[in-house]
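S.K.: missing the sequence, but the structure's below:
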């Protein structure tokens, strides 16, 4: 005898094929609870049994990413690219740093690491920088040591990529946008990612998530015709860091030969502290113009 779920299978397939291609368990449960009477499923059928049938007999596929600090799991309807899957399962997340540089066409490399970020909630103090600058001794100490790089990462053998899931201080999704991105596949991908101006700020703040300071410098060169320096400066002010990152940004702009009027937007900001282009540089050179230590030979 054919089971009720087998009889309902064409209607079930139609329902799921017309919906989202990325689902969390609660999304599957919502469809199951809303449609079970219409599909005339047996009263004894549980959500667990329904999901088992779907993953065995249809295009519903279970996906699981066990990051050290978070287990991300859910389902896709058919094959869905890893970037869309991650962003779909981690609510509010977006591509950032080196991955965002690639979105904007600012790197000539093909990074083997995916960086995506999830902001902390507005009530969290995690990662929140002070509105006032840290004192000089605190800055010197922080930048004399290696950076606190995230270990919340995962190697995906099938996709041959490393995925790093970052957490950032709450910024209200400042400079986060969405759109279709050509990633070299059969179709454009629907992705959330940082805007060009937010991306440039992020890679100055955390160059170790962007291939290092030489890659950041190259990105500034490549962005020259499309970067709105005014918008970037306004965004940096809103982010209210406790470190004088404007000195590093100004240095990169001048190094990449941006117009003097543009560089001046950062030159006229207060320079009350010595600062560092990145952490733990070893031998350095000092730019008195920007009160900035940079790697020797940079």
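M.R.: Thanks, I have the structure now. All values derive from a computational prediction rather than experimental measurement.
S.K.: Correct me if wrong: residue 221 contacts residue 253.
M.R.: No - applying C-beta atoms under 8 Å, one finds residue 221 not in contact with residue 253, separated by 10.2 Å. Glycine gets a C-beta too; all of them are placed from N, C-alpha and C.
S.K.: So the two - more neighbours on which side?
M.R.: For residue 221 and residue 253, the more surrounded residue by other C-beta atoms under 10 Å is residue 253, and the numbers stand at 25 against 13.
S.K.: can you tell me which helix or strand the residue lying closest to that one once chain neighbours are set aside belongs to?
M.R.: Spatial nearest neighbour of residue 253, chain neighbours left out: residue 263 (5.0 Å); criterion: C-beta to C-beta, 6 or more residues apart in numbering. Per DSSP states H and E, residue 263 falls inside helix 260-267.
S.K.: do the same with residue 16
M.R.: Assessed by DSSP H and E, residue 16 sits inside helix 4-17.
S.K.: From the rest of the structure, what touches that helix?
M.R.: Applying C-beta atoms under 8 Å, 6 or more residues apart in numbering, the contact partners of helix 4-17 are 31, 35, 38-42, 45, 50, 53-54, 57-60, 77.
S.K.: In ChimeraX, how would I select just the buried ones from these?
M.R.: Burial among the contacts of helix 4-17 is assessed by 16 or more other C-beta atoms under 10 Å; the matching ChimeraX selection reads:
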select :31,39,41,45,50,53,54,60,77
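S.K.: how about the helices in the stretch 101-250 of the chain?
M.R.: Applying DSSP state H, counting those that start in this stretch to the stretch 101-250 of the chain gives helices spanning 136-143, 196-205, 213-222, 229-239, 245-255.
S.K.: Okay, angle between the third one and helix 196-205 too, please.
M.R.: Computed by axes from the mean of the first three to the mean of the last three C-alpha atoms, to 10 degrees, the angle separating helix 213-222 from helix 196-205 equals 160 degrees.
S.K.: Next, the buried residues of helix 213-222.
M.R.: Neighbour counts using 16+ other C-beta under 10 Å place 213, 215-220, 222 of helix 213-222 among the buried residues.
S.K.: For it, report the contacting residues that lie outside it.
M.R.: Helix 213-222 has contacts (C-beta under 8 Å, 6+ apart) with 98, 101, 105-109, 200, 203-204, 207, 210, 227, 252-253, 255-256, 258, 277-278, 294-295, 298.
S.K.: Among the buried residues of helix 213-222, which pair sits farthest apart?
M.R.: Farthest-apart pair in these is 213 and 222; separation 14.9 Å (C-beta to C-beta).
S.K.: what number of residues lie near the closest residue to residue 20 other than its chain neighbours?
M.R.: Computed as C-beta to C-beta, 6+ apart, the closest residue to residue 20 that is not its neighbour in sequence is residue 27, at 6.9 Å. Counted with other C-beta under 10 Å, the neighbours of residue 27 add up to 15.
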